[in-house]
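> Quick check, what structure comes out for this input:
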Amino acid sequence: MVKFSVFVKGSDYGGLLFALLLRKLNNVSEHVDFEFLSFIIIVRGLNNMMQNEFSGHSGYFIQEIAKKTNYLLNASLASLGITYAQFRVLNCLWKKGVLRQKEIHEIIAVKASTLTGLVDLLAAKGLLERRVSEEDARANRICLTDRGCDLQKPVWKVIEAFELRMTEGISEAEKNSLMESLKTINSNLE
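Next up, the predicted model:
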């Protein structure tokens, strides 16, 4: 018999119903991994959607790719103790050095409250710290700790491996063309 493990996140009533149905249909006595099943459902849904009226809508596929990317990178980065959202904050600091929280906010474009939560979590993990700005005591400067700096190489190995997986079978010319098209789409939406 196949054994599964359970990871219920939030109020995943659909996943709970699916697990109960799966247990009834397949006599599964152990737990069901909702994240894995949700991912399988997303993949199957994308494959099904490609066959129907959504197949001509680039925005749909961009959103689907974004969801899969977020899910898979979260899974890959978990072994390093961070999420993809946390990576985005750390990456700002790796690339630009010490920044005000407002500057990070402008770069990664998330809600201010979301960024505050991310910075709080990263500070609790000892990866960054807040320092009072010398120019303006009301503003915090966000800087990496030694531990945060040390995480850069292993994290980028994960990101680069994911990039290779994602672009497998795509030539350099196609990648360059894709990047230019994505930059144009991004500019069109600003």
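> okay, CA-based contacts and neighbour counts for the rest of this
OK.
> Output the lengthiest helix in the chain as PDB, restricted to C-alpha atoms.
When the chain is parsed with DSSP state H, its longest helix is helix 58-77. The C-alpha atoms that make up helix 58-77 are tabulated as PDB, following Å, rounded to 0.1, in the frame of the first residue of the first chain:
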ATOM      1  CA  SER A  58      -0.200  34.400 -22.300                       C
ATOM      2  CA  GLY A  59      -1.200  36.000 -19.000                       C
ATOM      3  CA  TYR A  60      -2.700  32.700 -17.900                       C
ATOM      4  CA  PHE A  61       0.500  30.800 -18.600                       C
ATOM      5  CA  ILE A  62       2.600  33.500 -17.000                       C
ATOM      6  CA  GLN A  63       0.500  33.200 -13.800                       C
ATOM      7  CA  GLU A  64       0.700  29.300 -13.900                       C
ATOM      8  CA  ILE A  65       4.400  29.400 -14.300                       C
ATOM      9  CA  ALA A  66       4.700  31.900 -11.500                       C
ATOM     10  CA  LYS A  67       2.700  29.600  -9.200                       C
ATOM     11  CA  LYS A  68       4.800  26.600 -10.100                       C
ATOM     12  CA  THR A  69       8.000  28.500  -9.700                       C
ATOM     13  CA  ASN A  70       7.000  29.700  -6.200                       C
ATOM     14  CA  TYR A  71       6.000  26.300  -5.100                       C
ATOM     15  CA  LEU A  72       9.100  24.500  -6.500                       C
ATOM     16  CA  LEU A  73      11.600  27.100  -5.200                       C
ATOM     17  CA  ASN A  74      10.000  27.000  -1.800                       C
ATOM     18  CA  ALA A  75      10.400  23.300  -1.700                       C
ATOM     19  CA  SER A  76      14.000  23.500  -2.900                       C
ATOM     20  CA  LEU A  77      15.000  26.400  -0.600                       C
END
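> What is the helix or strand following it packed up against?
Heading C-terminal from helix 58-77, the first helix or strand you meet, by DSSP states H and E, is helix 84-96. If you count contacts as 3 or more CA pairs under 8 Å, 6 or more residues apart in numbering; DSSP states H and E, helix 84-96 packs onto helix 58-77, helix 101-108, helix 112-124, strand 140-144.
> how many degrees apart are the longest one and helix 84-96 in direction?
Read that as helix 58-77. Comparing the axes of helix 58-77 and helix 84-96 via axes from the mean of the first three to the mean of the last three CA atoms, to 10 degrees yields an angle of 90 degrees.
> Show me which residues of helix 58-77 are buried.
61, 64, 69, 71, 73, 74, 76, 77 (16 or more other CA atoms under 10 Å).
> Determine the set of other helices and strands touching it.
helix 34-50, helix 84-96, helix 152-166.
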